[in-house]
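S.K.: Give me the fold of what follows.
(one chain, ligands or ions: 1)
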Amino acid sequence: MKPDTASRGRRRFLAGAGVAAAVSVVGRGALAALPEPAIQDSADTMPPLAPPNGRPYDPVVTLNGWTAPWRMKDGVKEFHLVAEPVEREIAPGMVARLWGYNGQSPGPTIEVVEGDRLRIFVTNRLPEHTTIHWHGQRLPNGMDGVGGLTQPHIPPGSTFVYEFVARRPGTFMYHPHADEMTQMAMGMMGFWVTHPRRRDPLIRKVDRDFCILMNAYDVEPGSAVPNTNTMLDFNLWTWNSRAFPGIDSLNVRHDDRVRVRIGNLTMTNHPIHIHGHEFEVTGTDGGPTPKGSRWPEVTVDVAVGQMRQIEFVADELGDWAMHCHKSHHTMNAMGHDVPNLIGIDHRGLIDKIQALVPEYMLMGERGMADMGAMEMPLPDNTLPMMTGLGPFGAVEMGGMFTVLKVRSEQPRGDYRAPADYRHPAGTVARPWAGQAPPAARHGAAGAGALPADGTAGIELVARAGRRRAR
Ligand SMILES: [Cu+2]
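M.R.: Okay, the predicted model is just below:
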């Protein structure tokens, strides 16, 4: 995170807090005024928000996100969410025009404590009506936010109030339950963490606690507004509306106990994989998992509408990849729906095409790795298919990919990115300079295999003959 942008975000919040404080001395009528909404204009990861009042808790960090400040009024925590069009930098070089909350998509993470009494003002600055559903919460039915079913929709220009008690600790989300297909495809969603009120045998104290909300967009290269009618064929697979190399790394201290909370509001499942460590699923949107249900994993599938909370001890130093294991989900726009040219000899073709379209490039006949390092002219406002530079070269990734950086010198509580990892001598894969030993070959044909004596072509010959005979 860059301190200059962090302070810019804080300045806007403080300006808002000043207004709220000024209002509070005016009189009884003004006391009923809404808390000034805090607006965030940066996509940088904000440091954890230490609770200034209310019950204490250990705050989370939302990658490329922030936590909503609140106002305490007569023992009630008051938040103000503003549903509005926003500009979100997906990664450097691309800005999407989305709908979100309080200046960003996703909206701010809401952090409360089990037992907190809450009042959440929701102002609608969208061109159509909306609501907010508090996914996973126990609450009065009329606060559940399903437009038409449990409440009237919030018309454009209006503010509604939601009031409930945060009844159980856990990892939750919020999103509209009104024209959902459009509003969620436009980026309207946010993270919610209810911290435990007291020590809970199933909820361990951790040193770092990260939040990732998975979303997906279909933004045509050269444009900025998502196609909201896309069902599955998205071209931007994002975490907190960011795509690699725009996703900040998870920076931890060696031997830290790390929790990562992952929610999925895309249209497909994402097997989330971490290198170099094993983790356990310690919670779902249903709450903490019983100890007997926990087993070691290195990949956890997060289905649509689910939350998974994973925990591990970061006891291996280095830069560890963390990504969705669907290989198309670690690619950005420009990588999907292109013709497969592997093995095609197109010598002689390129000159003819370039005579008509001078900047035309043909590539991919040896695979797509060239794309990782290539500086190729792109349409305006899109991201290369695979990109990102590591200390050894092009990382050839995009989309749902980031790095878990484990360092012994990372100060406690410091979430800033450390310097490049320095591998101990002799611990990096290297080219073999000596003579390669002859490879021992497996001589046996094996049961059920075709004979290894060169007669494997017989079947093909026989089939060819049959076709000729027809
Ligand atoms: Cu995925």
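S.K.: just the helices in the stretch 201-350 of the chain please.
M.R.: In the stretch 201-350 of the chain, the helices defined using DSSP state H, counting those that start in this stretch lie at 349-356.
S.K.: residues from it in reach of the ion?
M.R.: 270, 324, 326, 329 (CB under 5 Å from the ion). Where you see a C-beta, it was placed from the backbone N, CA and C, and this is true even at glycine.
S.K.: Model confidence at the third one, what's the number?
M.R.: Reading off the confidence values, residue 326 has pLDDT 94.
S.K.: same check, this time on the first one
M.R.: On the pLDDT scale, residue 270 is placed at 97.
S.K.: Distance check, it against residue 403.
M.R.: 17 Å (CB to CB, to the nearest Å).
S.K.: do the same with the second one
M.R.: Remark: distance between residue 324 and residue 403 (CB to CB) = 14 Å.
S.K.: Next, count neighbours for residue 199.
M.R.: Neighbourhood size, residue 199 [other CB atoms under 10 Å]: 8.
S.K.: where does it fall, phi/psi-wise?
M.R.: Here is the backbone geometry of residue 199 (degrees, to the nearest 10): phi -60, psi 130.
S.K.: Could you do residue 89 as well?
M.R.: Torsion angles, degrees, to the nearest 10, at residue 89: phi -80, psi 120.
S.K.: how would you label the nearest residue to residue 85 once chain neighbours are set aside: helix, strand or coil?
M.R.: Nearest residue to residue 85, sequence neighbours excluded (CB to CB, 6 or more residues apart in numbering): residue 99, at 5.6 Å. Here residue 99 takes the strand state, with states given by DSSP: H, G, I helix; E, B strand; the rest coil.
S.K.: same question, residue 183
M.R.: Here residue 183 is recorded as helix under three-state DSSP.
S.K.: Report pLDDT for it.
M.R.: For residue 183, pLDDT reads 96.
S.K.: Hmm, it is touching residue 154, no?
M.R.: No - using CB atoms under 8 Å, residue 183 makes no contact with residue 154, being 11.7 Å away.
S.K.: Can you report phi and psi for the closest residue to the ion within the stretch 351-470 of the chain?
M.R.: Taking CB to the ion, the ion has its nearest neighbour within the stretch 351-470 of the chain at residue 400, 5.3 Å off. As for residue 400, its main-chain torsions (degrees, to the nearest 10) stand at phi -80, psi 70.
S.K.: In contact with the nearest residue to it once chain neighbours are set aside, which residues?
M.R.: Nearest residue to residue 400 in three dimensions, chain neighbours excluded: residue 324, at 3.8 Å (CB to CB, 6+ apart). Contact analysis of residue 324 by CB atoms under 8 Å, 6 or more residues apart in numbering lists 214, 237, 270, 271, 272, 273, 330, 399, 400, 401.
S.K.: Test of understanding: give the bridge partners of residue 324.
M.R.: Per DSSP bridges, the residues bridged to residue 324 are residue 272.
S.K.: Provide a list of residues in contact with the residue nearest to residue 239 when sequence neighbours are not counted.
M.R.: Distance criterion CB to CB, 6+ apart; nearest residue to residue 239, sequence neighbours excluded, is residue 212 at 4.7 Å. Residue 212 sits next to 62, 63, 239, 240, 260, 261, 262, 263 when contact means CB under 8 Å, 6+ apart.
S.K.: just checking, the last one touches residue 307?
M.R.: Yes - Residue 263 is within contact range of residue 307, at 4.6 Å (criterion: CB under 8 Å).
S.K.: Contacts only, for residue 205.
M.R.: By CB under 8 Å, 6+ apart, the contact set of residue 205 is 58, 257.
S.K.: how near is it to residue 409?
M.R.: 23 Å.
S.K.: picking up where we left off before, output the contacts of residue 212 in a markdown table; the columns should cover distance to residue 112.
M.R.: Shown next, in a markdown table, are the contacts of residue 212 (distance: CB to CB, whole Å):
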| residue | distance to residue 112 |
| --- | --- |
| 62 | 15 |
| 63 | 20 |
| 239 | 23 |
| 240 | 20 |
| 260 | 20 |
| 261 | 14 |
| 262 | 20 |
| 263 | 16 |
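S.K.: Show me which of those is closest to the ion.
M.R.: residue 239 (9.9 Å).
S.K.: In this structure residue 226 contacts residue 187, no?
M.R.: Yes - using CB under 8 Å, residue 226 is in contact with residue 187, at 7.5 Å.
S.K.: Pull up the overlap in contacts between these two.
M.R.: 96, 98, 217.
S.K.: Flag the shaky bits of this protein, pLDDT-wise.
M.R.: Along the chain, the parts satisfying pLDDT under 70 run over 1-32, 334-347, 349-350, 358-377, 441-470.
S.K.: what does the domain assignment say about it?
M.R.: As given by automatic domain parsing, the domain ranges for the chain are 45-204, 209-407.
S.K.: Ok, which of these comes nearest residue 427?
M.R.: Among the domains of the chain, the nearest to residue 427 by CB to CB is domain 209-407 (9.1 Å).
S.K.: so who does the residue nearest to residue 280 when sequence neighbours are not counted touch?
M.R.: Counting by CB to CB, 6+ apart, residue 280 lies nearest to residue 294, which is 4.2 Å off, once chain neighbours are set aside. Contact analysis of residue 294 by CB under 8 Å, 6+ apart lists 280, 281, 282.
S.K.: Could you give the bridge partners of the second one?
M.R.: Residue 281 has the following beta-bridge partners by DSSP bridges: residue 310.
S.K.: Am I right that it is in contact with residue 312?
M.R.: No - Residue 281 is beyond contact range of residue 312, at 10.7 Å (criterion: CB under 8 Å).
S.K.: The two: who's more crowded?
M.R.: Taking other CB under 10 Å, residue 281 and residue 312 do not tie; residue 312 has more neighbours (24 against 16).
S.K.: Quick check: the residue of the stretch 351-470 of the chain closest to the ion touching residue 236?
M.R.: No - using CB under 8 Å, residue 400 is not in contact with residue 236; the gap is 9.8 Å.
S.K.: joint contacts of those two?
M.R.: Contacts common to residue 400 and residue 236, judged by CB under 8 Å, 6+ apart, are residue 243.
S.K.: Between these two, tell me which one has more neighbours.
M.R.: Counted by other CB under 10 Å, residue 400 and residue 236 do not tie: residue 400 has more neighbours, with 29 against 26.
S.K.: could you list every residue that touches that one?
M.R.: Contacts of residue 400 (CB under 8 Å, 6+ apart): 214, 237-239, 243-244, 247, 270, 272, 323-324, 329-330.
S.K.: same question, residue 333
M.R.: 219, 221, 235, 236, 382, 383, 385.
S.K.: Name only those of the residues you listed that count as buried.
M.R.: 219, 235, 236, 382, 383, 385 (16 or more other CB atoms under 10 Å).
S.K.: so what's the second one closest to, chain neighbours aside?
M.R.: What it means is residue 235. Here the residue nearest residue 235, using CB to CB, 6+ apart, is residue 333, at 4.1 Å.
S.K.: For PyMOL, what selects the buried ones among the contacts of residue 324?
M.R.: Here is the PyMOL selection string for the buried members of these, based on 16+ other CB under 10 Å:
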select buried, resi 214+237+270+272+273+330+399+400+401
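S.K.: Of the contacts of residue 324, which is the nearest to the ion?
M.R.: For the contacts of residue 324, the nearest to the ion is residue 270 (3.3 Å; CB to the ion).
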